[in-house]
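Undergrad: Mind looking at a prediction? Sequence and model below.
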Amino acid sequence: MDAATTAPRAFYRSLCFQVITAIVIGAALGHFAPSQGESMKLLAAGPEVVLDAKEAHLAV
């Protein structure tokens with residue numbers, strides 16, 4: 001296949017676009033709804049922190 005026959009890639013499939021979009025959404029969420037953004041902190045922390053938090057809650 002040569003470059004002339006390949007279809008152009010959709011802009012939203014670009015990793016750069018996805019990262020910039022996530023940063024903009026995160027900043028907007030932190031500005032307009034900080035309590036909601038704080039409750040989503042576990043999503044950014046990773047699965048280890050979520051599992052540790054659940055185990056700590058279950059141990060009480």
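TA: Noted; the coordinates are in hand.

Undergrad: Can you show me the helices along this protein?
TA: 15-32, 34-39, 41-45, 47-59 (DSSP state H).

Undergrad: need the least confident one among those, by mean pLDDT.
TA: Set side by side, those differ in mean pLDDT, and helix 47-59 is lowest with a mean of 62.

Undergrad: quick one: residue 10 from residue 18, how far?
TA: In this structure, residue 10 and residue 18 are 12 Å apart, going by Cβ to Cβ, to the nearest Å. Glycine gets a C-beta too; all of them are placed from N, C-alpha and C.

Undergrad: swap that for residue 5, please
TA: The span separating residue 5 from residue 18 equals 27 Å under the rule Cβ to Cβ.

Undergrad: For residue 29, grab the count of nearby residues.
TA: 14 (other Cβ atoms under 10 Å).

Undergrad: you'd agree it is up against residue 38?
TA: No. Because the distance of 9.7 Å does not satisfy Cβ atoms under 8 Å, residue 29 is recorded as not touching residue 38.

Undergrad: hey, what's in contact with both of these two?
TA: Between them, residue 29 and residue 38 share no neighbouring residue, with contact defined by Cβ atoms under 8 Å, 6 or more residues apart in numbering.

Undergrad: more neighbours, residue 10 and residue 18?
TA: Neighbours of residue 10 and residue 18, each counted by other Cβ under 10 Å, are more numerous for residue 18; the result is 11 against 8.

Undergrad: phi, psi of residue 40?
TA: Comment: the main-chain dihedrals of residue 40 come out as phi -90, psi 10, following degrees, to the nearest 10.

Undergrad: Check the burial of residue 26 by counting its neighbours.
TA: Taking other Cβ under 10 Å as the definition, residue 26 ends up with a neighbour count of 13.

Undergrad: nope, residue 32 is what I was after
TA: Taking other Cβ under 10 Å as the definition, residue 32 ends up with a neighbour count of 9.

Undergrad: how far away is residue 33 from residue 6?
TA: When Cβ to Cβ is the yardstick, residue 33 and residue 6 sit 42 Å from each other.
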